[in-house]
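Trainee: sequence first, then the predicted structure:
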Amino acid sequence: MILIKKKTEPYEWKRYRHTPEAVYQSQEGLVNSLLEEQGYLCAYCMRRIPCKDRVNGTLTQEDHRVEHIKCRNVFPELQLSYTNMVVCCPGHLGEHEHCDRLKKDQPISFSPMDNHFISTLFYENGKIKSTNDRWMEEMEGILNLNDEALIRARRQTLSATIDLLAKTNAQKPWTRQMVEKYLLKYSTMHNEKGKLKHYPYCGIVIYYLQKKLKQLL
């Protein structure tokens, strides 16, 4: 995960939630706004979205899910709160459910919009971990973020990135300036066919480069 910086809610959504007896319903403007501020990545597992998954060999119709961090059934007063919403993947990359599809109404005590939470995250052999035991348990037990399919995807992303950097820099030794350059690249959005996007699974790459940077101090 990386920090999600919430922007101003879209005007269409603000107007809708002020209508009498409004209840949550997905809207194109709302979804587009969430996708844009997240760089078209799932808020939890960091897969590229929108995307479709296969369940029992059949391609699902769902290509994203709007997630209420504090679920609507338990916190109905927050069902229209833009600051309580993120967008997630369909949640079925491998054989097991993950992200919002698995979470459902289960509570989590962290938020990808909280910088303190993000600062506790680290990676070991493709697994995402937290120095906070409770958050670690919730990431694995409620969101299943260390499903084997997700671990494999993170490993492949990091390996491919390391290979690319090695080829790009040939035999040159790593310098602080070089690492800072690539850290900026993977920490910020890039233009992809007219849309600003983050690289999928960039969290593990950012962590790796931050460690490299510390080694060069």
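Mentor: Everything's here; your move. Numbering: from 1, shown residues only.
Trainee: ok, for residue 40, nearest residue in space, not its chain neighbours?
Mentor: Excluding its sequence neighbours, the residue lying closest to residue 40 (C-beta to C-beta, 6 or more residues apart in numbering) is residue 197, at 4.6 Å. C-beta: built from backbone N, CA, C; applies to glycine.
Trainee: please name the residues that touch the residue lying closest to residue 92 once chain neighbours are set aside.
Mentor: Spatial nearest neighbour of residue 92, chain neighbours left out: residue 53 (3.9 Å); criterion: C-beta to C-beta, 6+ apart. Applying C-beta atoms under 8 Å, 6 or more residues apart in numbering, we find residue 53 in contact with 59-60, 62, 89-93.
Trainee: kindly recompute the last result at 10 Å.
Mentor: Counting by C-beta atoms under 10 Å, 6 or more residues apart in numbering, residue 53 makes contact with 47, 59-60, 62-63, 89-94, 97, 101.
Trainee: out of those, name the ones that lie in strands.
Mentor: Judged by DSSP state E, the contacts of residue 53 include residue 59 as members of strands.
Trainee: which one in the contacts of residue 53 is the model shakiest on?
Mentor: Lowest pLDDT among those: residue 94, with 79.
Trainee: these two touch, right, that residue and residue 147?
Mentor: Yes: look at residue 94 against residue 147 with C-beta atoms under 10 Å: they come within range, at 5.4 Å.
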